[in-house]
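Colleague: structure for the following, please:
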Amino acid sequence: MPKTPSTHMGRRRAIGTLVIGAAMLVPGLARAQDPFQLSFSVDRSGAGPVKISGRLFNEGSMDVFDVYVTAEGVDTAGKVLGRGIAFVSASIPPRSVVTFAISIPAAHTAATFRVRVSSFRQGIGHQQAG
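Modeller: Numbering: from 1, shown residues only. Prediction:
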């Protein structure tokens, strides 16, 4: 059974739909697939796209490669108002943290935001000096 985190960092499989009120910058949790721990905040300030900033922690024992994160702004009926996809990293070593940023156009009226790791590969990697 999933644990409900008491901090802004989600444990694996934490479900995170963020309800936005009057605040401009709000921390949130996201549904993270193993081996990830994911957290994010939403910034609606400005006239441009909504900005999602986050941290992704590889808590697994293997490297992960070609990591992408998808963020969606959703209205109260569950309709996706806007979506953004970001390439996060070519490689994340075990027990390492990376940051990411995603812009979502047309999502200022979203009631909630969903953020998830949408694509990655696991394996054992070797970094080469270059």
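Colleague: quick one, helices of this protein?
Modeller: Counting by DSSP state H, the chain forms no helices at all.
Colleague: just for it, where's the confidence low?
Modeller: 1-33, 125-130 (pLDDT under 70).
Colleague: who's the most centrally placed residue in the chain bridged to?
Modeller: Residue closest to the average C-alpha location in the chain (C-alpha atoms, centre = their mean): Val115, at 4.3 Å. On the basis of DSSP bridges, Val115 is bridged to Ala71.
Colleague: wait, doesn't it sit right on Arg55?
Modeller: No. Look at Val115 against Arg55 with C-beta atoms under 8 Å: they stay out of range, at 11.0 Å. (C-beta placed from N, C-alpha, C; glycine too.)
Colleague: need the overlap of contacts for the two.
Modeller: Common neighbours of Val115 and Arg55, counting by C-beta atoms under 8 Å, 6 or more residues apart in numbering, are 38, 40.
Colleague: circling back to that earlier point, the residue nearest to the centre of the chain and Phe57: what is the separation?
Modeller: To Phe57, Val115 is 14 Å away according to C-beta to C-beta, to the nearest Å.
Colleague: mind listing the shared neighbours of those two?
Modeller: Leu38.
Colleague: my guess is Ser39 contacts Gly54. True?
Modeller: Yes. The pair Ser39 / Gly54 is scored as a contact, 5.9 Å apart, by C-beta under 8 Å.
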